[in-house]
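>>> With the input below, show me the fold.
(2 chains)
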Number of protein chains: 2
Amino acid sequence: MPTLEHMHAVVNSYVHALNAADPDAIVALYADDAVVEDPVGSAPKKGKAEIRAFYAASVAFKLEVELEGPIRAVAGEAAFAFRVSFPMKGKRMTIRPIDTFRFNADGLVVHMRAFFGADNVHTE
Amino acid sequence: MPTLEHMHAVVNSYVHALNAADPDAIVALYADDAVVEDPVGSAPKKGKAEIRAFYAASVAFKLEVELEGPIRAVAGEAAFAFRVSFPMKGKRMTIRPIDTFRFNADGLVVHMRAFFGADNVHTE
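So this is what the prediction gives:
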């Protein structure tokens, strides 16, 4: 099972790679057979090709991502709250998700789930 | 599927009932066959009797519970960050979990998972 330190490092690398608009660095955190549900309830992205395409489209928005509060990691899983904002049609859109990661024994993410609803999305 | 408003109301009722040290009000939010993993990785509490015993023991600590940031609710699931503090041997212990709730079609919680690790527990 991955250590707390490893899980914290992966979450921090994820946030850094989103800010750096680096889909390859993001995909490197995932296992080959990983599943991404973003948001929860949407069609899951399965495997590195689908996951890379999803993140490549996402980071094209020039995301600014910042953790909110501490990373919670325990027993091979992690949860973290954050805000992501990006320019949209002359305004600024901000989404405040909570994501969960489940890790495999190699410390790679096998399941990501992003919790955010309509009322977690704001435009100003 | 429960509405966002319903899921928000259940989370707020949960926080209120924890502060009120009211295990019956907490258990009323759960389905008969609910499962509680608190923390993630521990032996699950299954069914209302086990869940009530768990919360009765928890609220005996005179918990003070406060949400951190917005509730994230979507597609029959919710996630929320919070802090819980309580007196412990002349000091004050604070834990900062992220909990997830999965709801059934009746709007009752069928699966609760609490994410917090050793580094989310502080004594002062």
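>>> list the buried ones in the longest helix anywhere in chain A?
With secondary structure taken from DSSP state H, chain A has its longest helix at helix A:4-19. For helix A:4-19, a neighbour-count test (16 or more other CB atoms under 10 Å in any protein chain shown) marks A:Leu4, A:Met7, A:His8, A:Val10, A:Val11, A:Tyr14, A:Val15, A:Ala17, A:Leu18 as buried. All C-beta spots, glycine's among them, are computed from the backbone N, C-alpha and C.
>>> Out of those, flag the one nearest to chain B.
Minimum separation from chain B among the buried residues of helix A:4-19 (CB to the nearest CB) is found for A:Leu4, which lies at 5.2 Å.
>>> What residues does that closest one make contact with?
A:Leu4 makes contact with A:Ala73, A:Val74, B:Gly117, B:Ala118, B:Asp119 under the criterion CB atoms under 8 Å, 6 or more residues apart in numbering or on different chains.
>>> The residues you listed into TSV, with extra columns for secondary structure, pLDDT and distance to B:Gly41?
Compiled in TSV, the contacts of A:Leu4 are given as follows (DSSP: H, G, I helix; E, B strand; the rest coil; pLDDT from 0 to 100; distance: CB to CB, whole Å):
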residue	secondary structure	pLDDT	distance to B:Gly41
A:Ala73	strand	98	11
A:Val74	strand	98	6
B:Gly117	coil	97	9
B:Ala118	helix	95	12
B:Asp119	helix	96	15
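>>> Nearest to B:Lys62 among those?
Each of the contacts of A:Leu4 was checked against B:Lys62 using CB to CB; the closest is B:Ala118, at 22.8 Å.
>>> Could you check what's spatially nearest to that closest one, not counting adjacent residues?
Ranked by CB to CB, 6 or more residues apart in numbering or on different chains and with sequence neighbours excluded, the top spatial neighbour of B:Ala118 is A:Leu4, at 6.7 Å.
>>> Kindly report the same for A:Leu67.
That would be A:Phe82: by CB to CB, 6+ apart, it lies 4.9 Å from A:Leu67.
>>> Just confirm the one you found contacts A:Ile95, I think it does.
No - between A:Phe82 and A:Ile95 no contact is recorded; they are 9.1 Å apart, counting by CB atoms under 8 Å.
>>> Between those two, point out the one with more neighbours.
Taking other CB atoms under 10 Å in any protein chain shown, A:Phe82 and A:Ile95 do not tie; A:Phe82 has more neighbours (21 against 18).
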